[in-house]
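Participant: next one to model:
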Amino acid sequence: MSGAERGAAVAEGCGPAVGPLPGSDELLDARERRFDSLFERYVPYLGLVIGTALTPFVIPSPEGFWLVTGPLVLAVGTWSYVFTSRQPARASDPRLGPVYISGLLVLSAVLVYLSPFYGFQALAGYTHSFLYLRGRWRWAGVVATAGLVAYSQLGGGLIAELNPGVIAGWVAITLINGAVAGGFTYFGTLSAQQSHRRRDIIVELNESNRRLSESLEENAALHVQLLAQAREAGVLDERARLAREIHDTIAQGLTGIVTQLEAAGAADDDADLRHRHIDTAGGLARESLTEARRSVDALAPGQLAEAQLPDAIAEMAKKWAETADVELVVDTTGEPRPLLPELEVTLFRVAQEALANVGKHASAARAGLTLSYMDDVVVLDVRDDGRGFSLEAGPRPKPGSGFGLAAMEQRVRRVSGTLAVESAPGEGTALSASVPAIPAEVRV
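Facilitator: Predicted coordinates for the structure are as follows:
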């Protein structure tokens, strides 16, 4: 392979690999783009400089020789300057690219005839054919350049005679030059295009990841805000519900008691009537007490006002185990942290009712309670080795024995949580309640 071809191969990235330059990826990309731009613009002048520098040492070059060669060198330089250095986009025009390559090869052919050292113009012929020609015309430019280089390798205008042997050698060398240099140039150009495409894809991916990260952060903040608003709305709904229940049940019951007692006081002469009014007042008092207990059950337990949720649940569970005669293991995993009050109330009440159901219905010997603090949820698990029940039939607690699984599920759903129960006859029961881990300081 000729020196010109080796130069073209190295220029197109097909030479020995070099290690990465120091600096960031952006700096390396900027250096690569700058080198490509300089090479594309000024490579035509490199062949002219090499040819002009070597010719006087080998080729007889009287004054008349330079009177012809000098203007030609200036013409080739000017031709390349107009198309590739002054306005690089001009040669990229599909209509002007063939004009530029044709003129470059014709002028270079005259120079090679005068001095074979101007064959180094192949640096520009190979590279610019791929840059400024389209489709199959690229290979036409490469083959024409290969023929020009082969002519320079045979001696250019110094060839004594173009006999059939010389012509056959010229064709053979042209084919070899075209295959080797053209192949290297093609794969070098393809590699450069793939490198640019990969960089563009990486930039697009980084931008997409940045936008996605921002969207996820916005969605997470919005989700927390919506949950907080939902919690706040739930508190207001619960307060309104309690107010309605107190007005419709306890207040009316107390009004009835007062009325019956006043009627009993007015019936001094009729003992039977007085006793009937007193008995009615007693019945109303008991009903009001039942309603009061049912309403109070929805309020925050006093244990949470004096201790954190894990400690409050552990203390409640300890007292339950002592009275229920059940071996109980209480555990807390993760890093405990204060939650919104309604979340802590929900977990405490679910734990309280779940243990109550174990004592009333499970006939269990052992039970376990685990409170797990995770990144985005807090999970309460209650397990027992009791008799279990069929989930299709459902548990059948006695009337007034508790608000049951359905009410527990409603309580958990009210705070955007989930409740899951696993049980089968003779295999015990496992209950799991999960609520969002919204810290106590989150407020709308």
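Participant: helix or strand right after the host helix or strand of Y45?
Facilitator: Taking DSSP states H and E as the definition, Y45 sits inside helix 25-58. Scanning forward in sequence from helix 25-58 by DSSP H and E, the next helix or strand is helix 63-80.
Participant: before we move on, back to that, for the helix holding Y45, what is the average pLDDT?
Facilitator: For helix 25-58, mean pLDDT rounds to 72.
Participant: how about stretch 432-439?
Facilitator: On average, stretch 432-439 scores 93.
Participant: just checking, what packs against the biggest helix by length in the chain?
Facilitator: Identified as the longest helix of the chain according to DSSP state H is helix 164-245. In terms of contacts (3 or more C-beta pairs under 8 Å, 6 or more residues apart in numbering; DSSP states H and E), helix 164-245 is packed against helix 3-11, helix 122-132, helix 137-153, helix 271-296, helix 341-357. (C-beta placed from N, C-alpha, C; glycine too.)
Participant: go with 7 Å
Facilitator: The helices and strands touching helix 164-245, judged by 3 or more C-beta pairs under 7 Å, 6 or more residues apart in numbering; DSSP states H and E, are helix 3-11, helix 122-132, helix 137-153, helix 341-357.
Participant: packing partners of the following helix or strand past it?
Facilitator: Remark: after helix 164-245, the chain's next helix or strand is helix 251-266, criterion DSSP H and E. The contact analysis (3+ C-beta pairs under 7 Å, 6+ apart) places helix 251-266 against helix 271-296.
Participant: what about the helix it packs on, distance to the chain center?
Facilitator: 65 Å (C-alpha atoms, centre = their mean, to the nearest Å).
Participant: mind giving me the packing neighbours of it?
Facilitator: Contact analysis of helix 271-296 by 3+ C-beta pairs under 7 Å, 6+ apart lists helix 251-266 as its packing neighbours.
Participant: burial of the closest residue in space to A264 that isn't next to it in sequence, as a residue count?
Facilitator: In space, and not counting its chain neighbours, A264 is closest to H277: 3.7 Å by C-beta to C-beta, 6 or more residues apart in numbering. H277: 20 surrounding residues under other C-beta atoms under 10 Å.
Participant: the strand or helix carrying A314 versus helix 341-357: what angle between them?
Facilitator: A314 is part of helix 309-324, with elements assigned from DSSP H and E. Counting by axes from the mean of the first three to the mean of the last three C-alpha atoms, to 10 degrees, helix 309-324 lies at 20 degrees to helix 341-357.
Participant: give me the buried positions along the helix or strand just after helix 309-324.
Facilitator: Sequence-wise, the next helix or strand downstream of helix 309-324 (DSSP H and E) is strand 327-333. Neighbour-count burial for strand 327-333 flags L328, V330, T332 (criterion: 16 or more other C-beta atoms under 10 Å).
Participant: which of the residues you listed lies closest to L273?
Facilitator: When the buried residues of strand 327-333 are ranked by distance to L273 (C-beta to C-beta), L328 comes first, at 53.9 Å.
Participant: how close does A75 sit to D272?
Facilitator: A75 sits 138 Å away from D272, going by C-beta to C-beta, to the nearest Å.
Participant: neighbour count winner among these two?
Facilitator: Neighbour count, other C-beta under 10 Å: between A75 and D272, A75 has more, with 14 against 8.
Participant: that one reaches L107, doesn't it?
Facilitator: Yes - with contact defined as C-beta atoms under 7 Å, A75 reaches L107; the gap is 5.8 Å.
Participant: what do these two both touch?
Facilitator: Listed contacts common to A75 and L107 are nil; contacts here mean C-beta atoms under 7 Å, 6 or more residues apart in numbering.
Participant: pLDDT-wise, which helix or strand of the chain ranks last?
Facilitator: Scoring the helices and strands of the chain by mean pLDDT, DSSP states H and E places helix 3-11 at the bottom, with a mean of 39.
Participant: touching, A317 and V330? I think so.
Facilitator: Yes - the pair A317 / V330 is scored as a contact, 5.1 Å apart, by C-beta under 7 Å.
Participant: joint contacts of the two?
Facilitator: L369.
Participant: hang on, L419 in a strand?
Facilitator: Yes - counting by DSSP: H, G, I helix; E, B strand; the rest coil, L419 is part of a strand.
Participant: mind checking how far it is from L380?
Facilitator: L419 is 9 Å from L380, by C-beta to C-beta.
Participant: between those two, which has more neighbouring residues?
Facilitator: L380 (24 against 20).
Participant: can I assume that one sits in a strand?
Facilitator: Yes - according to three-state DSSP, L380 belongs to a strand.
Participant: touching, it and F348? I think so.
Facilitator: No - using C-beta under 7 Å, L380 makes no contact with F348, being 9.1 Å away.
Participant: any residues in contact with both of these two?
Facilitator: Counting by C-beta under 7 Å, 6+ apart, nothing touches both L380 and F348.
Participant: thank you, goodbye.
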